[in-house]
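Colleague: the sequence isn't on hand, but the structure is:
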């Protein structure tokens, strides 16, 4: 058997295999002899069928089988001898019967790319640094209070942030809306997208007061009849509600599950939460920064196409499912092409991490795996059940193990790379978009 | 004799342990032939269809087996078997002719 391998494109290898006639012949014959012992043919006792007849009857079938075996063996041998790590199944092309009874074929193999050794000390990343300050805790507390705020009717003057109910009728050049009587509108000043002129006019008014002014509504205003129109706006303030933030008292504190009911403990609790969030966010930032750098080092690495496509397919499916769960029930499946880049990135990440883990001999830390599983389980109603589910499902488990391995590798690298510190505030890190 | 008639004369080759043995030992081929076929007809048919020279034809009548079917005696049809010896060096390949 002649096997030759041509590298092509780095990850693709072309395997040329020629199997000589004699090799096939001898295997076919031994196969036929095997058959002959088993087969029952009319006119012959079992095992007495002459070989000539067997070859005539079953020759081509036996040859097919032998060729199949030989092809598998050739590929296996090639993979073993060249220490290839196959990604995906080999694709056999150009199957040819040679004139002398031999056989040749060409197979396309996709291998995992070689990840080059990376000199971690040459990498510099920007590492965000931030601390939770008292002000952050204050802000959070304010947010919590706002979530619990109550709306109280008020006879006072309207200010920004109030909830105002109006009865109005609007007259534009062509028509009047509503045609008769008045329509109700509720606006939260400062939040609802009402025209600024109206807002300014409202501020300082009281319940029961009337007003009239010309306003132009935005094109995308929620009331279709008014959107994009300039109207004479006739209104009466029907009701004014002012937000009342709840006091930080024992009841308020206890509603967040803090037993002691003191503000101090609530603050401690909030601080711990914020610090955990911050830590996760910082770790994520470091991880992304490191991975981005690693990818940059490995940008010449060619990824096996079939794996990228598989990954993209998985991502697309997940995205489609997520969309469905969010209520878009009859959404079209998202085409995998849209996730190509993301898939390639993820794949490269995984390959690099795996490679480094191998080279640095990083083993999965099972104590951390257990911690992680517990952590995940705690967010469910029945943690014990979830833990059990994880431990009995190898897929879920290996997912967790991969996450842990990844963070272990990242930590390892994080110690080795140079980093410049980038001071930021808590808010900047947790709300990067703003 | 037309080609059609030739094929009705020779019904089918018989391939069995015995037929392969006589084939190897004395260059004979065995056929199931029409009940009314004569040695001459068998000879002509084999020569035409397989393009060989026939040396000798031996014919025998096979009695059909008697079988019991639903507690009634029955009998399979009688048939005629022919041993055809072809000239040395010539052979018939049923695999191709079929």
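Modeller: Received the coordinates, thanks. Quantities reported herein were computed from a predicted structural model and do not represent experimental measurements. Residues are numbered from 1 along each chain as shown, chains lettered A, B, ... in the order given.

Colleague: quick one, what contacts the closest residue to chain B within the stretch 1-150 of chain A?
Modeller: Using CB to the nearest CB, the closest approach of the stretch 1-150 of chain A to chain B is made by residue A:43 at 3.1 Å. The way it works is simple: take the backbone N, C-alpha and C, and place the C-beta from them, glycine included. Going by CB atoms under 8 Å, 6 or more residues apart in numbering or on different chains, residue A:43 touches B:14, B:15, B:16, B:17, B:19.

Colleague: go again using 7 Å as the cut-off
Modeller: Neighbouring residues of residue A:43 by CB atoms under 7 Å, 6 or more residues apart in numbering or on different chains: B:15, B:16, B:17.

Colleague: filter these by proximity to chain A?
Modeller: B:15, B:16, B:17 (CB under 7 Å from any CB of the partner chain).

Colleague: ok, the first one - contacts?
Modeller: For residue B:15, the contacting residues are A:43, B:94, taking CB under 7 Å, 6+ apart as the criterion.

Colleague: and which of the contacts of residue A:43 is nearest to chain A?
Modeller: Nearest to chain A among the contacts of residue A:43: residue B:16, at 3.1 Å, using CB to the nearest CB.

Colleague: phi first, then psi, for the closest residue to that closest one other than its chain neighbours.
Modeller: Closest residue in space to residue B:16, ignoring its immediate chain neighbours: residue A:43 at 3.1 Å, by CB to CB, 6 or more residues apart in numbering or on different chains. Note on residue A:43: backbone dihedrals following degrees, to the nearest 10 are phi 90, psi -10.

Colleague: just checking: what are the partner strands of the longest strand seen in chain A?
Modeller: Among the segments of chain A that qualify as a strand by DSSP state E, the longest is strand A:230-244. When pairing is defined by DSSP bridges, strand A:230-244 lines up against strand A:150-153 (antiparallel), strand A:163-171 (antiparallel), strand A:210-216 (antiparallel).

Colleague: among these, which is the most enclosed?
Modeller: strand A:163-171 (a mean of 19; mean count of other CB atoms under 10 Å in any protein chain shown).

Colleague: follow-up on the earlier one: any chance of a markdown table for the ones next to chain A among the contacts of residue A:43, columns pLDDT and secondary structure?
Modeller: A markdown table is the format used below for the ones next to chain A among the contacts of residue A:43 (pLDDT from 0 to 100; DSSP: H, G, I helix; E, B strand; the rest coil):
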| residue | pLDDT | secondary structure |
| --- | --- | --- |
| B:15 | 88 | coil |
| B:16 | 88 | coil |
| B:17 | 88 | helix |
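
Colleague: distance to residue A:252 for those - can I get that in CSV?
Modeller: Listed next are the ones next to chain A among the contacts of residue A:43 as CSV, based on distance: CB to CB, whole Å:
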residue, distance to residue A:252
B:15, 99
B:16, 101
B:17, 101
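
Colleague: what's the pLDDT at the closest residue to residue A:153 other than its chain neighbours?
Modeller: Closest residue to residue A:153 apart from its sequence neighbours, by CB to CB, 6+ apart: residue A:241 at 5.8 Å. We have a pLDDT of 81 for residue A:241.

Colleague: tally of neighbours for residue A:241?
Modeller: Using other CB atoms under 10 Å in any protein chain shown, residue A:241 is surrounded by 17 other residues.

Colleague: repeat that for residue A:130.
Modeller: By other CB under 10 Å, 19 other residues sit near residue A:130.

Colleague: can you pull the contacts of it?
Modeller: Counted by CB under 7 Å, 6+ apart, residue A:130 has contacts A:278, A:424, A:425, A:426, A:429.

Colleague: can you give me the strands for the chain?
Modeller: I went with chain A, as the question did not name one. A:2-8, A:12-19, A:91-97, A:103-110, A:124-129, A:150-153, A:163-171, A:176-177, A:183-188, A:210-216, A:230-244, A:418-423.

Colleague: looking at chain B here, not the other one
Modeller: In chain B, the strands defined using DSSP E lie at B:10-13, B:28-33, B:54-62, B:66-69, B:72-75, B:79-86.

Colleague: in TSV: the ones you listed, plus mean neighbour count.
Modeller: Shown next, in TSV, are those (neighbours: other CB atoms under 10 Å in any protein chain shown):
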stretch	mean neighbour count
strand B:10-13	16
strand B:28-33	21
strand B:54-62	14
strand B:66-69	8
strand B:72-75	9
strand B:79-86	20
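
Colleague: correct me, but residue A:50 touches residue B:21?
Modeller: No - at 9.3 Å, residue A:50 and residue B:21 do not qualify as touching, with contact defined as CB atoms under 7 Å.
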